[in-house]
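>>> build me a structure from this.
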Amino acid sequence: MPGAKRLLFVYTKGGAPLEYAIPKMAARAEVHILAIQPLPTHTADLWSPHVTEITEADPRPGESIVDLIVRQAEKTGADALFTLSEFAAIAVAEAARRLGLRGSGPHTTRSRDKRRMREVWEAAGVPVPRFRTVSSEDELRTAYAELTPPMLLKAAWGAGSIGQFVIESPEQIAEAWRTTAASVSESARHGMAELRIDGTERDFLVEEIIPGSTRTWWPEDSGYGDYLSVEGIVADGTYHPLCITARIPTIAPFTELSNLCPAPLPEELQRRVEEVARAAVDALELESCGTHTEIKLMDDGGLSVIESAARFGGVMVTAEIEHVYGYDPIGMLIDSLLGREVEFPERMLTPADARGAAGSLSLIATDSAGTPWGRELVWDPERVDWPALLSPGSRIEAVRGLTVAPGTPMPRYDVAAGVLGYGGIFFLRTADAAALVRDSYSVLDNLESELGS
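Got it, this is the predicted structure:
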């Protein structure tokens, strides 16, 4: 690719699978990888042909991750920096600033530290639940006395539903603190921890649980849950919401089972969600990055913002958007980071713009209600009668880069483990949104019997 722009992709765990994302990057620039953590070799045949160079992280004594990224970017002659991982977002943003390149900017920490995020939104008038920051069991007890239960304890730097505990009585406080602290340590052991900030293992937030409701949002038998996300891009400080993605209900405590596109809400409700998402993202004052903004639905049309990240939604969210709406978010952001002109939708896309439906579905050892499987089973897709579980014309595939290998025992579900309890992710494509919801429930509720037959 003579004369091509060069992109330094900083890899660590999180985000879309490389077999999907790297070809998108390579269509826009020459891809050089700085691997902070080991790359997934089992899918290398799918993504490595699109890569010019791979450098494994080798920091000098006393060198920070930001220094390492800057050094590699200068060596590569990178025209842009990019990461898919929430855990690398701050480090990549700081390196880009130091190099004079586009990035998410000096306020990226607001999109990572859930304590700071809440403070910024509260000051800006963005609707959020009442909360307190806590760093010890004693502080948690004080906060419990000041808030109204039930409340949620969550890791300030967490992701993927890791490190969460619902507290309904003071007798649970000690267990909540012990369990969440242990899950944060466990996630760090699996490489899912903030790269830029040290000492985050005692940074927590406790907040009143938002009284979610689907009553004024979805028909009673829709199957949808009481929260959704707005996927978008900030380019040179201007927010471009792309579309809403919906969910079926989470399981305890708030582990996600799906991400579904499109979200078939009426136009008026779509625009109300868009307005709140814009207020939330604008308050964070980001510069150039993907965004994933989670919003709780409340009764009488109310909304409350859960969180907003300065990166794209993980699993297959970007692939869903491309399949349903024809826009390639990763490619659009890379072009924007490289200073190219990008054609964004004039307004947030709605189901009227959709062509089919697509979703990310968890491969997890529970049913759709969160009831754990009654036996230990091995993941074996060949044992499953997929046509019997799906609507006519629907297609499902296990995402190789995000799923355990066939023959692997399924992880047992632990309410504090979040995504660490997943066996993998399915990418599901259907004719329409109704089939997508129906098929999601069918797979979740019948997979145990299929694998155990």
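
>>> mind checking how far the closest residue to residue 54 other than its chain neighbours is from residue 27?
Computed as CB to CB, 6 or more residues apart in numbering, the closest residue to residue 54 that is not its neighbour in sequence is residue 33, at 4.7 Å. No exception for glycine: its C-beta is placed from N, CA and C like everyone else's. Per CB to CB, to the nearest Å, residue 33 is found 16 Å from residue 27.

>>> neighbour count winner among those two?
Between residue 33 and residue 27, counting by other CB atoms under 10 Å, residue 33 is the more crowded of the two (24 against 14).

>>> do I have it right that that one meets residue 51?
Yes - taking contacts as CB atoms under 8 Å, residue 33 lies within contact range of residue 51: 5.8 Å.

>>> what sits against residue 28?
Going by CB atoms under 8 Å, 6 or more residues apart in numbering, residue 28 touches 5, 7, 331, 334, 335, 338.

>>> for the closest residue in space to it that isn't next to it in sequence, helix, strand, or coil?
Using CB to CB, 6+ apart and skipping the chain neighbours, the partner closest in space to residue 28 is residue 334 (4.3 Å). Secondary structure state of residue 334, per DSSP: H, G, I helix; E, B strand; the rest coil, is helix.

>>> make sure the residue nearest to residue 54 is indeed in a helix.
No - using three-state DSSP, the secondary structure at residue 33 is strand, not a helix.

>>> quick one: it from residue 8, how far?
8 Å.

>>> hey, where'd the helices end up in this protein?
18-26, 44-47, 65-76, 89-99, 114-124, 137-146, 173-189, 267-284, 317-325, 329-337, 386-389, 433-451 (DSSP state H).

>>> and those helices: which comes nearest residue 304?
Of all the helices of the chain, the one in closest proximity to residue 304, counting by CB to CB, is helix 267-284 (8.7 Å).

>>> list the helices and strands the closest one packs on?
Applying 3 or more CB pairs under 8 Å, 6 or more residues apart in numbering; DSSP states H and E, one finds that helix 267-284 contacts helix 114-124, strand 227-235, strand 238-245, strand 289-297, strand 303-309.

>>> try it again with 6 Å
With contacts taken as 3 or more CB pairs under 6 Å, 6 or more residues apart in numbering; DSSP states H and E, helix 267-284 sits against helix 114-124, strand 238-245, strand 289-297, strand 303-309.

>>> which one of the ones you listed has the most crowded surroundings?
Of the helices and strands packed on helix 267-284, the one with the most neighbours on average (mean count of other CB atoms under 10 Å) is strand 289-297, at a mean of 25.

>>> name the residues that touch that strand?
By CB atoms under 6 Å, 6 or more residues apart in numbering, the surrounding residues in contact with strand 289-297 are 104, 210, 212, 217, 226-227, 229-230, 232-234, 277, 280-281, 303-313, 333.

>>> 7 Å - rerun?
104, 210, 212-214, 217, 226-234, 273, 276-277, 280-281, 303-313, 329, 333 (CB atoms under 7 Å, 6 or more residues apart in numbering).

>>> so where's the stretch 351-453 of the chain uncertain?
Residue ranges of the stretch 351-453 of the chain with pLDDT under 70: 416-419.

>>> can we see that at 90?
413-421, 453 (pLDDT under 90).

>>> and the pLDDT for the residue nearest to residue 71 when sequence neighbours are not counted?
Take residue 71 and drop its neighbours on the chain: the residue closest to it by CB to CB, 6+ apart is residue 63, 7.8 Å away. The per-residue pLDDT reported for residue 63 equals 90.

>>> which secondary element of this protein has the worst mean pLDDT?
helix 173-189 (a mean of 84; mean pLDDT, DSSP states H and E).

>>> buried sites along that one?
Neighbour counts using 16 or more other CB atoms under 10 Å place 173, 176, 177, 179, 180, 181, 183, 184, 186, 187 of helix 173-189 among the buried residues.

>>> now it and helix 137-146, what's the angle there?
Helix 173-189 and helix 137-146 are oriented at 120 degrees to each other (axes from the mean of the first three to the mean of the last three CA atoms, to 10 degrees).
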